[in-house]
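**Q** let's see this in three dimensions:
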Amino acid sequence: MPHVLTTCPYCGCGCGLYLQVDGRRVLGTAASAGHPVARGRLCAKGWHAHEVSSSSQRLRRPLIRRGEGLEEASWEEALDLVASRLGEIKTAGGAGAIGVLGSPRATNEENFLLSKLARSCFGTNNVDFSARLEALPGLFDLPKYRHLTLSAASLDDIERADLIVLWQADPAEEHPAAASRVLRAVAGGVPLIEVAARSGQLGRLAALRLSPIPGTELQLAAGLLHVALSTAEPAGAEGDGLAASVDSCTPEHTETITGVPTEDIVRAGEMLAASARPLAVYSRGATLGPQGPEVLTTLAALCRVVSNASDSWSSLLWLSTYCNFQGARDMGVVPYFLSGYQAVSDQDVRDKFAHAWGASPPTEPGLPSWEMLGKVRAMLVMGDDPTTSLPDAAAVREALAKLEFLVVQEAFLTPVAQAAHVVLPSATFAEKDGTFTNTERRLQRVRKAVEPPGEARADWEILCEIARRFGRPMEYESPAQVMAEIASLTPIYSDMSYDRLDEGWGLRWSLDKAVATDQALLGAAAAGEEPAAVEQSGAPGVDDDFPLVLTADHALESWAADTLVVNAIGLRRQQGADRPPSLPQIAINPADAESLDLRPGQRARVRCRNGGIEAAVRITDAVRQGVVVLPARLPESAAVLQSSTNPETGVPLLRPRAVRIEKV
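**A** Just a heads-up that it's a prediction; the model follows:
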């Protein structure tokens, strides 16, 4: 049976796996023993990755909305309608009337061509993907802080560290390849500190577990920085200003805000101060929090000043959620960058792309995904679903319903596809060639194992057909030619080619090479950021009527809204998604459960000041007393999770809120 080496389509770790092919079908997967990320292992999602290709729910023919329903149509009819309607809307409302969403699961080549289509054919910089929220766009807009969502560290650095801090990350749930490295490091004697509202599986191995009241993570980071600076001289000449910024954040004061005991704050700060190679590992649990940007800048300052390692050591490792999250940004699926973080406002950059594309990209930055909805009149969505990525799903669905025209390229009939006027069936990772870039900036091949089902096509082929109908043909014989164009226009990818990628296990693009593009990409050692001002906490006010703090957990049951998981039969069954719909689980501390006379599995009512839901009680000491936790990704949770907007950046987020729990 032939085995085709490719890259896992799930999380940002980027494990290598083999697809086992029998004729026109993919029958199974096998781990790659020599792969530097997988190391001969796969998680449950990787072992079941082949099921996505063979799912009976795959879209096989284009669909066009006729009346209230979607009906099958020919490719010619569907593509002609896409071109004519988008053209009409552009003529009537200007290029800014069109918005385009790419995908952190599409290949680099497809995301690059989507950016090219939007900018050279549609004439708009309204290019984004909804999950980009997880990359702290409020910080990423500022060159000084951009490195905080570009991992300078590698997965292997986990085992090279002498202290690991899991900051609102649960690798065992979301990034098993990273979790296995943490396990090996701890087994080898490396101490682990966990900071989380809900302790994960790795928390059982932690030397210290810190559970701040949700919304006070910034104050905890500042308190740790205060202790570290009091214990050890900071590396470099920045000590005085840094110490002054956290002068009031004594352990005792920090305890009054965060609820973390003074002795634990002191111990953690001293452990950090004694470390030569600390590594803070964080994921969307940290970046999607209300204090995310401020926490990360403070955490970066903390790791920088205590590190005694060489300048080449990076103390921050960001674990991206999706297989090509990093690549989607690298390829310019961002409203203000072209590929390689080259600003659309730079005339020299625009001239370079205009020479290659035959049309100059627009000058003004476009709208991010969360602003497009409600402001544009038409959208092209390639493999994205903002109803599951943006915090207020109801508002997203309402905005999609108001669009004059929505075209979706998808392998399955997702919620956003169900709202579309035209649905174009696309190939999965097993049915196309291309590349993914993982969370450590490792560019790897994605290899075609079988043909797409029915009339489905690879996204890059669909994009080329749309461009041709706009009178600006994008002619490529293969994704390898697209990569050659990417390399010619993108400094950080300048030495990438399929020939080189086929020689080993992929290539990491160099942060050092990015100096020519953006000095800030060099990383924490070069950036010199100051921690954010420590203001009042973001914890909600509790009272006798609403005495508990509710927070969202982005790692719990994240499969519930994941298109690839719910369409993989064996994985869905293993994860429990095959069971009839049940109540979401509310995690509560045993002491709180006892005071409320609650038992495991009991139905309870979670009430906030403007609504409520029913949930099943889960009693666990993984959450602190006074705090309750709901999965962020379950649709049922939305009624009580508080969606708001960062007043400085305009970025939507979920905030903790005060609730009460009643027996039903």
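**Q** count the neighbours of E398 for me.
**A** 12 (other Cβ atoms under 10 Å). The C-beta positions use only the backbone N, C-alpha and C, and glycine is treated the same way.
**Q** switch to numbering from 528
**A** Sure thing, new numbering starts at 528, so read that last one as E925.
**Q** looking at this structure, which helix is longest?
**A** helix 602-620 (DSSP state H).
**Q** ok, and for that one, which residues are buried?
**A** Within helix 602-620, the residues scored as buried using 16 or more other Cβ atoms under 10 Å are 605-606, 608-610, 612-614, 616-617.
**Q** confidence-wise, which helix or strand of this protein is lowest on average?
**A** Using mean pLDDT, DSSP states H and E, helix 1051-1054 stands out as the lowest-scoring helix or strand of the chain, at a mean of 35.
**Q** tally of neighbours for V793?
**A** 20.
**Q** ditto for G650
**A** Neighbour number of G650 under other Cβ under 10 Å is 18.
**Q** for V1154, see how far away the residue lying farthest from the centre of the chain is.
**A** Centroid-distance maximum for the chain: D1124 at 38.2 Å, with Cα atoms, centre = their mean. Per Cβ to Cβ, to the nearest Å, D1124 is found 19 Å from V1154.
**Q** go on, G614?
**A** G614 sits 53 Å away from V1154, going by Cβ to Cβ.
**Q** let's test this: mean pLDDT of the longest helix of the chain, rounded?
**A** In this model, helix 602-620 has a mean pLDDT of 97.
**Q** same thing with stretch 909-923?
**A** Here the average pLDDT along stretch 909-923 is 91.
**Q** I'd say A883 and T1017 touch.
**A** No. Using Cβ atoms under 8 Å, A883 is not in contact with T1017, being 10.9 Å away.
**Q** pretty sure T962 belongs to a strand, no?
**A** Yes. Assessed with DSSP: H, G, I helix; E, B strand; the rest coil, T962 lies in a strand.
**Q** quickly list what it is bridged to.
**A** Beta-bridge partners for T962, by DSSP bridges, are R972.
**Q** what's the burial count for it?
**A** Around T962 there are 28 residues (other Cβ under 10 Å).
**Q** look at A883 and T1017 and report which has more neighbours.
**A** Shown here are A883 and T1017; by other Cβ under 10 Å, T1017 has more neighbours (23 against 13).
**Q** so how far is S642 from the closest residue to that one other than its chain neighbours?
**A** Leaving aside its chain neighbours, T1017 sits nearest to G867 (3.8 Å; criterion: Cβ to Cβ, 6 or more residues apart in numbering). To S642, G867 is 11 Å away according to Cβ to Cβ.
**Q** who touches both of the two?
**A** G859 (Cβ atoms under 8 Å, 6 or more residues apart in numbering).
**Q** hang on, the earlier thing: quick one: residues in contact with the longest helix of the chain.
**A** Residues contacting helix 602-620 (Cβ under 8 Å, 6+ apart): 589-591, 624-625, 649-650, 904-905, 907, 931-932, 934, 948-949, 951, 982, 984, 989, 992-993, 996-997.
**Q** show me how far that helix is from its chain's centre.
**A** 31 Å (Cα atoms, centre = their mean, to the nearest Å).
**Q** and E686, how many neighbours?
**A** E686, neighbours per other Cβ under 10 Å, totals 16.
**Q** which ones are touching it?
**A** Going by Cβ under 8 Å, 6+ apart, the list of residues near E686 reads 708, 711-712, 715, 717.
**Q** of those residues, grab the buried ones for ChimeraX.
**A** To isolate the buried ones among those in ChimeraX, judged by 16+ other Cβ under 10 Å, type:
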select :708,712,717
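**Q** nearest to G812, of the contacts of E686?
**A** In terms of Cβ to Cβ, no member of the contacts of E686 lies closer to G812 than R708, at 18.4 Å.
**Q** hmm, back to that, out of the contacts of helix 602-620, which end up buried?
**A** Among the contacts of helix 602-620, those classed as buried by 16+ other Cβ under 10 Å are 589-591, 624-625, 649-650, 904-905, 907, 932, 934, 948-949, 951, 984, 989, 992-993, 996-997.
**Q** is W1032 in contact with G561, as I believe?
**A** Yes. If you go by Cβ under 8 Å, W1032 and G561 touch, sitting 7.4 Å apart.
**Q** okay, those two: which has more neighbours?
**A** Using other Cβ under 10 Å, the more surrounded residue of W1032 and G561 is W1032, with 17 against 10.
**Q** which residues touch the closest residue to A985 other than its chain neighbours?
**A** Leaving aside its chain neighbours, A985 sits nearest to K959 (4.0 Å; criterion: Cβ to Cβ, 6+ apart). The contact partners of K959, by Cβ under 8 Å, 6+ apart, come to 634, 973, 975, 979, 985-987, 1006.
**Q** can you list the domain ranges for the protein.
**A** 530-581, 590-662+854-971+979-1035, 679-846, 1075-1190 (automatic domain parsing).
**Q** figure out the length between the terminal residues of the shortest one.
**A** According to Cα to Cα, to the nearest Å, domain 530-581 extends 16 Å from its N-terminal end residue to its C-terminal end residue.
**Q** what about it, distance to the chain center?
**A** That offset, for domain 530-581, works out to 21 Å (Cα atoms, centre = their mean).
**Q** please apply the same query to the longest one.
**A** In terms of Cα atoms, centre = their mean, the centre of domain 590-662+854-971+979-1035 is found 17 Å from the chain centre.
**Q** before we move on, what about the third one?
**A** In terms of Cα atoms, centre = their mean, the gap separating the centre of domain 679-846 from the centre of its chain is 20 Å.
**Q** isn't L628 up against A905?
**A** No. L628 is not in contact with A905 according to Cβ under 8 Å; the separation is 11.9 Å.
**Q** if we can go back for a sec, let me have the domains of the chain in CSV, extended by distance to S1064.
**A** What follows is these, written out as CSV (distance: least, Cβ to Cβ, whole Å):
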stretch, distance to S1064
domain 530-581, 30
domain 590-662+854-971+979-1035, 20
domain 679-846, 4
domain 1075-1190, 10
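**Q** G1097 belongs to a strand?
**A** No. Counting by three-state DSSP, G1097 is not found in a strand; it is helix.
**Q** show me the contacts for it.
**A** 575, 578.
**Q** now, which of the contacts of E686 lie within helices?
**A** 708, 711-712.
**Q** the strands in the stretch 878-1027 of the chain, which residues?
**A** 905-909, 932-937, 949-952, 961-964, 969-973 (DSSP state E, counting those that start in this stretch).
**Q** of those, which stretch is the most buried?
**A** Highest mean neighbour count of the strands of the stretch 878-1027 of the chain: strand 961-964, a mean of 30 (counted as mean count of other Cβ atoms under 10 Å).
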